[in-house]
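A.B. asks: Mind looking at a prediction? Sequence and model below.
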Amino acid sequence: MRLKVLGCLFLSTLMFTSLLTSLKAAESDVYGFSWLDPDKEVYVLQNRKFRKAGRMYVNAGAGITTSGSYVDSLNIQGRLGFFMNEEFGLEVLYSKNNGKDSDTYNSLIEANSSATVFKRKINDYVGAMVLWSPFYSKINTFNSIIYADYILGLGVAKLNQTNNKKAMTSNGTDTTLTDESNTGIMWQFGMKFYINEHWSIKPDFTAIHYQSENASGTKKTFNSNYDLTLSLGYTF
């Protein structure tokens, strides 16, 4: 009985090892399916059509800032990057933001003209990130294949802002605005959709987490800025 059990375990181990070996697939691997036409071949998904390794790119685009209750902001961004291989790259980013009072803020002031609300307007920021692109996909739509890379980024950014801190500490008598510069952690998630070998479209969600003085100026608090953008890119 014990020999039968050991024999079954041995056969199961062989079958499992054989299965793991068959699951390993490189870009050059080809699968053959007996139920298909003998002349047909099916390539594994790892077979990339567009390459990033050793190539530089530039992106230009625009979007909106999704954070901040009292300020509505649009942004214009420029990006320059380089991928050392298919997974890792570097990118520098500059964003010019243009903020204005939101409808929520205007409604609050209309309801109470003496109210003073603390608000920040992000003027611009510059940053650098390490990029990681672990996944990519092929999307089949209407007999056309769309190729896309998933790209994550992590780095640091310097952010310039304007706030009305003096109005808060003077009960609204001093309306002079305060300019501040802050350094924070920046991260992003984006998808690069290829049009052809050189051109691509890329939506990005970019976040910056930083410390800045609160409305009373007595201590620093954590704040965040979130930008959602769409850009056109060119790869050299």
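C.D. replies: Yep, it's here. Numbers count the residues shown, from 1 in each chain.

A.B. asks: Now Pro134: phi and psi?
C.D. replies: According to degrees, to the nearest 10, the main-chain angles of Pro134 amount to phi -80, psi -20.

A.B. asks: Where does pLDDT dip in this protein?
C.D. replies: Counting by pLDDT under 70, the ranges of the chain that qualify are 1-47, 172.

A.B. asks: Break down the protein into its strands, ranges please.
C.D. replies: Secondary structure of the chain (DSSP state E): strands located at 30-31, 42-43, 55-65, 71-83, 88-101, 120-141, 144-163, 178-194, 199-213, 220-235.

A.B. asks: Rebuild those as a markdown table, extending it with distance to Ser170 and mean neighbour count.
C.D. replies: Where C-beta positions appear, they are placed from N, C-alpha and C, glycine not excepted. Putting the strands of the chain into a markdown table (distance: least, C-beta to C-beta, whole Å; neighbours: other C-beta atoms under 10 Å) gives the following:
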| stretch | distance to Ser170 | mean neighbour count |
| --- | --- | --- |
| strand 30-31 | 73 | 10 |
| strand 42-43 | 69 | 10 |
| strand 55-65 | 28 | 17 |
| strand 71-83 | 21 | 18 |
| strand 88-101 | 20 | 18 |
| strand 120-141 | 18 | 16 |
| strand 144-163 | 14 | 17 |
| strand 178-194 | 12 | 17 |
| strand 199-213 | 15 | 18 |
| strand 220-235 | 20 | 17 |
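
A.B. asks: Take those strands and lay them out in JSON lines including distance to Asn171.
C.D. replies: Output for those, formatted as JSON lines (distance: least, C-beta to C-beta, whole Å):
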{"stretch": "strand 30-31", "distance to Asn171": "74"}
{"stretch": "strand 42-43", "distance to Asn171": "70"}
{"stretch": "strand 55-65", "distance to Asn171": "29"}
{"stretch": "strand 71-83", "distance to Asn171": "22"}
{"stretch": "strand 88-101", "distance to Asn171": "20"}
{"stretch": "strand 120-141", "distance to Asn171": "19"}
{"stretch": "strand 144-163", "distance to Asn171": "16"}
{"stretch": "strand 178-194", "distance to Asn171": "16"}
{"stretch": "strand 199-213", "distance to Asn171": "18"}
{"stretch": "strand 220-235", "distance to Asn171": "21"}
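
A.B. asks: what sits opposite Tyr125 in the beta ladder?
C.D. replies: Ser95, Leu159 (DSSP bridges).

A.B. asks: you'd agree it is up against Lys158?
C.D. replies: Yes - with contacts defined as C-beta atoms under 8 Å, Tyr125 counts as touching Lys158 at a distance of 6.3 Å.

A.B. asks: Domain-wise, how is the protein divided?
C.D. replies: Following the assignment in automatic domain parsing, the chain carries domains at 1-47, 52-235.

A.B. asks: How far does the last one sit from its chain's centre?
C.D. replies: Going back to what we said before, that points to domain 52-235. In terms of C-alpha atoms, centre = their mean, to the nearest Å, the centre of domain 52-235 is found 10 Å from the chain centre.

A.B. asks: how near is the residue positioned nearest the centre of the chain to Ser212?
C.D. replies: Centrality entry for the chain: nearest residue to the mean C-alpha point is Phe189, 1.8 Å, by C-alpha atoms, centre = their mean. The spacing between Phe189 and Ser212, counted by C-beta to C-beta, to the nearest Å, is 24 Å.
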